[in-house]
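1. coords please:
(chains A and B)
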Amino acid sequence: MMIRTVDLYKSFGEKKVLQGVNLEVDKGETLVIIGQSGSGKSILIKHLIGLMTPDKGEIYVDDVEITGLREEDRYNIRRKFAMLFQGAALFDSLTVLQNVRFGLDRYTDYTQEKKTELARQALHRVGLRGIESLMPYELSGGMKKRVGLARAIAYEPQIILYDEPSTGIDPIRADAINDLIIQMKNDLKVTSIVITHDMVSTYKIADRIAMLYQGRIIATGSPEKIRNTDNPIIQQFITGAAEGPIVNW
Amino acid sequence: MQTWNSKLSKHKMRFRQGQTFFFFLLQQIGEVGILLGQTISRTFSKPWEWKNFINQLEEVGVRSLPVVSLTAAFGGLVFGLQTYVGFHRYIGPGSEAYGGPIISLGLSKELIPILVGLMISGRVGSSMAAEIGTMRITEQVDALVSLGADPVRYLVVPRTLACMVMLPCLTLYGDIIGMMGGYFYNVFAMGVNRYIYIRNTLLYMEFWDVGSGLVKAAVFGGIIATIGCWQGLKTEAGAAGVGRATTRAVVISSILVLIFNFFLSKALPADL
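-> Okay, the predicted model is just below:
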């Protein structure tokens, strides 16, 4: 088991976001977490990479419990992860190449030339050439996402977390991103956790699907199993019906 | 009876509000204290973000030269004007040339460090809060952490050190411009005796008069950067949040500059 969470709780004031999340992710698999907007999906994956600390519960990465680790030890755990943020989160003050090199500069001891070469390779892998010296504000939304993905894969992480990779881009670009996620899995053998509400993407990329509802994982299973479930909450979500048991939107 | 009860409940409410404000204030001081502690510990441990530090030196120092030049020049001119009027009115015509050391002392010990502090608070403190705040709400700060960088080491330490280095430099530069302004008004505009003005200034001015102003400026630099970065890092709630953080950074750091100026003036010796 690559990642495991045990009874994860997180609240912000009165708002209870995670209420006992139990999740397991196998090495090399792609798990897609679905759920309503504001259901705590992003909060959940931010816990996995150590950007947030739970109020209660445990998180295991390669059988190491990470919630109580010191900052130096967390650094070594984070080295295994990469994250593609919802808005790409490229650094405004750095060029595309400097953005992609950022993780290499901090996580590897390669020479400057090697780092630059690896950054260029990562950009080529996501289909971007000749934009190394551009600033993030000069890129379109789709290009930003791809640069964000290049930055994530440049230092060859073992686990990639994708926060709504297809949100805010057109369907063709979204499908290209899906292909890239599959390509990363096949080429680099990475473990992937993807957050999305896009069911077309979900069925295309998922090995397993988990649904987060009211702070808990209410079901996990293969795309086929989720598609054919009798659970009315899941059925309402995957069919996108306005009528059903989910009312608090 | 009812009036008495309503008075009591009003007092209780005020007490609770006072209590809440007191806890809020303590929490804010605690947050700044923690950030300051982290900044100090990261300053003295590797790795150092040299490139960011150099960029911030340029941002804080070089790019502030025009605003400091204007502020110091007009500060010096107006201080020269009022000193001239004071000497002319209370001591008598011909005594104005003795105002030279007072102008230089007042400028270097008080006026220029405060003016530079307030100007940099408005120009640099606000920009730090806005930049880091925008990074916060666009998840760039989270991206820094996920890519192995410590936000305090990467963002806060270079800004704090750059402010602590560049504010004394800007103040020294402002002292020169301000003293030239005072000299210009008295000697060229009002025809004060140049020889007596310069002689008295050199005779009564001490190195520590300028030095104490520079010490104050370094403290102001630390305050401005810490408050700007603190407000930036705690930004929430989108563009409106960035606006609020920026305003708060300027207001809080300006007030602290004025408060600390008084206590530093009391604490620093008059001469060495």
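2. so what's the nearest residue in space to A:S166 that is not next to it in sequence up against?
-> Of all residues not flanking A:S166 in the chain, A:A174 sits nearest, at 3.6 Å (Cβ to Cβ, 6 or more residues apart in numbering or on different chains). Any C-beta I mention is one placed from the backbone N, CA and C, and that applies to glycine too. Counting by Cβ atoms under 8 Å, 6 or more residues apart in numbering or on different chains, A:A174 makes contact with A:P165, A:S166, A:D198, A:S201.
3. the residue of the stretch 101-250 of chain B found nearest chain A: what's it in contact with?
-> Using Cβ to the nearest Cβ, the single residue of the stretch 101-250 of chain B nearest to chain A is B:G148, 3.6 Å away. With contact taken as Cβ under 8 Å, 6+ apart, B:G148 is in contact with A:Y75, A:R78, A:R79, A:G103, A:R106, A:Y107.
4. any idea of the mean pLDDT in whichever strand or helix holds B:L70?
-> In this structure, B:L70 sits in helix B:65-90 according to DSSP states H and E. For helix B:65-90, the per-residue pLDDT values average out at 94.
5. after it, which helix or strand is next?
-> Using DSSP H and E, the helix or strand that follows helix B:65-90 towards the C-terminus is helix B:100-106.
6. pull the residues that contact the helix or strand that that following helix is followed by.
-> The helix or strand immediately downstream of helix B:100-106 is helix B:112-120, counting by DSSP H and E. With contacts defined as Cβ under 8 Å, 6+ apart, helix B:112-120 is touched by B:60, B:64, B:67-68, B:71-72, B:75, B:163, B:167, B:170-171, B:174-175, B:178, B:213-214, B:216-217, B:220-221, B:224, B:254, B:257-258, B:261.
7. can you name the residue of chain A nearest chain B?
-> Residue nearest to chain B within chain A: A:R106 (3.6 Å; Cβ to the nearest Cβ).
8. how close does that residue get to B:P93?
-> Distance, A:R106 to B:P93, using Cβ to Cβ, to the nearest Å: 70 Å.
9. with B:S127 instead?
-> For B:S127 relative to B:P93 (Cβ to Cβ), the value is 48 Å.
10. repeat for B:C163
-> 45 Å.
11. between these two, which one's more packed in?
-> Taking other Cβ atoms under 10 Å in any protein chain shown, B:C163 and B:P93 do not tie; B:C163 has more neighbours (32 against 8).
12. pLDDT score for the more buried one?
-> Looking at B:C163, its pLDDT reads 96.
13. contacts only, for it.
-> B:Q56, B:V60, B:I120, B:V124, B:G221, B:G222, B:I224, B:A225.
14. what sits against the fourth one?
-> Contact analysis of B:V124 by Cβ under 8 Å, 6+ apart lists B:E59, B:V60, B:S64, B:C163, B:I224, B:A225, B:G228.
15. over to the fifth one?
-> For B:G221, the contacting residues are B:V60, B:I120, B:T160, B:C163, B:M164, B:V165, B:M166, B:L167, B:P168, taking Cβ under 8 Å, 6+ apart as the criterion.
16. any weak-confidence spans in chain A?
-> Chain A contains residues with pLDDT under 70 at A:1, A:247-249.
17. residue ranges of the strands in it, please?
-> A:3-12, A:15-25, A:30-34, A:56-61, A:64-65, A:81-84, A:159-163, A:191-195, A:208-213, A:216-221 (DSSP state E).
18. okay, those strands in a markdown table with mean neighbour count and distance to B:L36 next?
-> As requested, the strands of chain A are exported to a markdown table (neighbours: other Cβ atoms under 10 Å in any protein chain shown; distance: least, Cβ to Cβ, whole Å):
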| stretch | mean neighbour count | distance to B:L36 |
| --- | --- | --- |
| strand A:3-12 | 18 | 26 |
| strand A:15-25 | 18 | 30 |
| strand A:30-34 | 24 | 39 |
| strand A:56-61 | 18 | 30 |
| strand A:64-65 | 12 | 31 |
| strand A:81-84 | 26 | 29 |
| strand A:159-163 | 25 | 32 |
| strand A:191-195 | 24 | 36 |
| strand A:208-213 | 22 | 38 |
| strand A:216-221 | 16 | 40 |
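19. tell me which of these lies nearest to A:Q121.
-> Among those, strand A:81-84 comes nearest to A:Q121, with 15.1 Å by Cβ to Cβ.
20. how far does the closest one sit from the chain's center?
-> 6 Å (Cα atoms, centre = their mean, to the nearest Å).
21. quick one: contacts of it?
-> A:45, A:48-49, A:103, A:145, A:148-149, A:151-153, A:155, A:157-163, A:165, B:142-143, B:146.
22. also stretch B:230-244?
-> By Cβ under 8 Å, 6+ apart, stretch B:230-244 touches B:31-32, B:35, B:128-137, B:141, B:151, B:155-156, B:245-246, B:248-249, B:252.
23. list the buried residues of that stretch.
-> Across stretch B:230-244, burial judged by 16 or more other Cβ atoms under 10 Å in any protein chain shown covers B:W230, B:Q231, B:G232, B:L233, B:K234, B:T235, B:G241, B:V242, B:R244.
24. list the buried residues of the longest helix along chain A.
-> Across chain A, the longest stretch assigned as helix under DSSP state H is helix A:171-188. Buried residues in helix A:171-188, counted by 16+ other Cβ under 10 Å: A:R173, A:A174, A:A176, A:I177, A:N178, A:L180, A:I181, A:M184, A:K185.
25. host element of B:A162?
-> For B:A162, the host element (DSSP H and E) is helix B:157-183.
26. and that helix, what's buried?
-> Here helix B:157-183 shows B:157-179, B:181-183 as buried, counting by 16+ other Cβ under 10 Å.
27. equivalent analysis for stretch B:41-60, please.
-> Using 16+ other Cβ under 10 Å as the test for burial, stretch B:41-60 gives B:R42, B:T43, B:E49, B:N52, B:F53, B:Q56, B:L57, B:E59, B:V60.
28. wait, which of those is closest to chain A?
-> For the buried residues of stretch B:41-60, the nearest to chain A is B:N52 (9.2 Å; Cβ to the nearest Cβ).
29. the closest one: what's it in contact with?
-> Contacts of B:N52 (Cβ under 8 Å, 6+ apart): B:Y154, B:L155, B:P158.
30. filter those residues to keep only those in contact with chain A.
-> The subset of the contacts of B:N52 within reach of chain A, by Cβ under 8 Å from any Cβ of the partner chain, is empty.
31. could you dump those into TSV and include pLDDT?
-> What follows is the contacts of B:N52, written out as TSV (pLDDT from 0 to 100):
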residue	pLDDT
B:Y154	94
B:L155	95
B:P158	96
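32. adding distance to A:I209, write the residues you listed out as JSON lines.
-> Putting the contacts of B:N52 into JSON lines (distance: Cβ to Cβ, whole Å) gives the following:
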{"residue": "B:Y154", "distance to A:I209": "37"}
{"residue": "B:L155", "distance to A:I209": "38"}
{"residue": "B:P158", "distance to A:I209": "44"}
